[in-house]
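>>> Compute the structure for the input listed below.
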Amino acid sequence: MAVVANAVKRRLQEGKLAASFNLSRLRTVEAPQIAKACGFHWLFIDLEHSTMDLDTAGQICAASLPVGITPIVRVPEGDTNRAARILDAGAQGIIFPHVQNAEEARAFNSACRFPPLGVRSMTYGGPQLEYEAVPPKEATEGGNEETLVVMMIETPEAVENAGEIAAVDGVDVLLVGGSDLSTTMGIPGQSTNPDFLASIDKVIAAAKGAGKIAGLGGVYDEAILPDFVARGMRFFLGGADMSFILAGGKSRGAFFNNLKI
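Got it, this is the predicted structure:
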């Protein structure tokens, strides 16, 4: 049996949009099925801004693969050790936050790729191989092919270096962290500010120039998201588990509190 295909990587290669169900509060292997039922394409499993441990994240990754929901994990800043371990557990992609330059991007990408493309250590028979004894050459080449490596652009410095970051072999996506970028620009939350949009356009141009994908997180207003799609964004953080629960719960609570008796 070959390495499990990365459904989101295929979507992006076909020019389609890919949106995530963001997981930071829920701790259940039902999350992939919930995400699929809601119409999302991938799980954003956040180990940077949550207390989720690696074992729980690994179980959720493994549960994602048979469902066809791509598990992609954001690791803490510069944590290549955790990146390699969660890939062994079944993750099909890694998101590295706060990437500033090409040197960092090369090191982070290398940790996620098997030789000769990187330094990731060989693993055998895990969920991404459907627990089969896949020949080493097939496993390493397939693992490299099906792993999505994402670099987050979150500061003005990173925006200026976006071209050289995108040019790093193996980097698949430049993901703008909208919240951190706007904050470090001194315009927190101003997603329609002309300076913010100019930075967005720089990142999109850098990604396109290198044949890579541009993405966006931290912006969830449905009134303005279509503009970012029109600008060229294709890889989106779709919204967080707790925000979905609160929105649905508040709506139902309001319904009962407004009933007349």
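>>> who are the neighbours in contact with residue 21?
Residue 21 makes contacts with 31, 34, 35, 38, 40, 42, 43, 44, 69, 238, 239, 241, as judged by C-beta atoms under 8 Å, 6 or more residues apart in numbering. For the C-beta atoms, the positions are set from N, CA and C on the backbone; glycine is no exception.
>>> actually residue 241, not the one I wrote
Taking C-beta under 8 Å, 6+ apart, we find residue 241 in contact with 21, 22, 23, 24, 25, 26, 31.
>>> try 7 Å
The neighbourhood of residue 241, defined by C-beta atoms under 7 Å, 6 or more residues apart in numbering, consists of 22, 23, 24, 25, 26.
>>> Can you tell me which of those end up in strands?
For these, membership in strands holds for 22, 23, with DSSP state E as the criterion.
>>> Drop anything exposed from the contacts of residue 241.
Under a neighbour-count criterion of 16 or more other C-beta atoms under 10 Å, the subset of the contacts of residue 241 counted as buried comprises 22, 23, 24, 26.
>>> With distance to residue 245 and pLDDT as extra columns, can I get those residues in JSON lines?
Supplementary listing: the buried ones among the contacts of residue 241 in JSON lines, determined by distance: C-beta to C-beta, whole Å; pLDDT from 0 to 100:
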{"residue": "22", "distance to residue 245": "12", "pLDDT": "98"}
{"residue": "23", "distance to residue 245": "12", "pLDDT": "96"}
{"residue": "24", "distance to residue 245": "12", "pLDDT": "91"}
{"residue": "26", "distance to residue 245": "9", "pLDDT": "93"}
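>>> Could you pull out the buried residues of the host helix or strand of residue 8?
Using DSSP states H and E, the element containing residue 8 is helix 7-13. Residues of helix 7-13 classed as buried by neighbour count (16+ other C-beta under 10 Å): 7, 8, 9, 11, 12.
>>> can you list the residues you listed in JSON lines and add distance to residue 185 and pLDDT?
Supplementary listing: those in JSON lines, determined by distance: C-beta to C-beta, whole Å; pLDDT from 0 to 100:
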{"residue": "7", "distance to residue 185": "34", "pLDDT": "97"}
{"residue": "8", "distance to residue 185": "29", "pLDDT": "97"}
{"residue": "9", "distance to residue 185": "31", "pLDDT": "97"}
{"residue": "11", "distance to residue 185": "30", "pLDDT": "97"}
{"residue": "12", "distance to residue 185": "27", "pLDDT": "97"}
